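[1] show me the folded form of this:
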Amino acid sequence: MARATYPGKCQFCQGEFPKGRMTRHLRACEKRKAALEKSEKKGRKKQAIFHLVVEGRDRPMYWLHVETRAGSTFGDLDLFLRDIWLECCGHLSNFTFREEDFDEDDFDNFEGSSPFGPPGSKVTAKKLADRVKPGDVFFYEYDFGSTTALKLKVVGHREGVMKKGDVQVLARNLPPEIACDCGKPAVLVCTECMWDEAGWLCKSCAKNHECGDDILLPVVNSPRVGVCGYTG
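    Next up is the predicted model:
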């Protein structure tokens, strides 16, 4: 069986590359180098910047390469992840630094980053550099009921110019090709059938789907596709 490559697109040159090659491409991309040189000509003081790879822990076909200052906070990162991939109903979220540490019932040790979460969250205001360094892997969960879990890795760092709190997308996966049973591209998913690895529907087949159209959600390029009320 051929190994899945999960291709994505570089945001600088618009080139398409397999997931496993994107880190190497970004280090060599001439258009990215030109963009960095242009930004650094402004004469602003350089800061440490982290390069992160973010992927669905259980859905690795969804992934992002991003950069943010090492001095940005986990709250900044939380807001970015919600905005680009996750936010539907203001659920709680959580960063953990060992996968086995996550316990959705252990709110005494909550390290969340949610505007609707417990006050005084431990991690929200901490800088990334306070907890992680290049080579480290950490984890994130959004919604403790229908959880979307992410895996993050710091794959590199550099000195450069970037506003504190900003998170820049460097590359992103192409939307996975998901087919309806009839062979046409799926545009809707049944939130009941998907748990049995079914229910991906084209527009025509969705009209006659036995579960009805009130529990269908759009197919979107996110690891939260088909979950809760997420529509992208």
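[2] contacts only, for Arg59.
    Pro223 (C-beta atoms under 8 Å, 6 or more residues apart in numbering). All C-beta spots, glycine's among them, are computed from the backbone N, C-alpha and C.
[3] isn't Ala176 right up against Trp63?
    One correction, residue 176 is Pro, not Ala. No: the pair Pro176 / Trp63 is not scored as a contact, 10.8 Å apart, by C-beta atoms under 8 Å.
[4] okay, and the common contacts of those two?
    Taking C-beta under 8 Å, 6+ apart as the criterion, Pro176 and Trp63 both touch Tyr6.
[5] the two: which is more packed in?
    A direct count of neighbours by other C-beta atoms under 10 Å for Pro176 and Trp63 places Trp63 higher, at 20 against 15.
[6] what residues are up against that one?
    Taking C-beta under 8 Å, 6+ apart, we find Trp63 in contact with 6, 8, 19, 53-56, 172-173.
[7] from these, which is closest to Phe144?
    Gly56 (17.0 Å; C-beta to C-beta).
[8] so the closest one versus Met194, what's the distance?
    14 Å (C-beta to C-beta, to the nearest Å).
[9] more neighbours: which of those two?
    Gly56 (20 against 15).
[10] check that one and give its pLDDT.
    On pLDDT, Gly56 comes in at 97.
[11] also Lys164?
    In this model, Lys164 is scored at 84, pLDDT.
[12] how about the contacts made by it?
    47, 69, 71-72.
[13] same thing with Val54?
    63-66, 81, 150-152.
[14] at 6 Å what do you get?
    Shown in contact with Val54 (C-beta atoms under 6 Å, 6 or more residues apart in numbering): 64, 150, 152.
[15] and the strands in this protein?
    Ranges of strands in the chain, per DSSP state E, are 8-10, 16-17, 47-56, 63-69, 93-96, 137-142, 148-160, 167-173, 188-190, 200-201, 216-218.
[16] so what does the last one touch, helix or strand wise?
    Spelled out, it's strand 216-218. Where contact means 3 or more C-beta pairs under 6 Å, 6 or more residues apart in numbering; DSSP states H and E, strand 216-218 is packed against strand 188-190.
[17] identify the residues contacting the strand it packs on?
    So strand 188-190 is contacted by 199-201, 206, 211, 216-217, 219, 226 (C-beta under 6 Å, 6+ apart).
[18] pairing partners for that strand, with directions?
    strand 200-201 (antiparallel), strand 216-218 (antiparallel) (DSSP bridges).
[19] just name the most buried of those strands.
    strand 200-201 (a mean of 24; mean count of other C-beta atoms under 10 Å).
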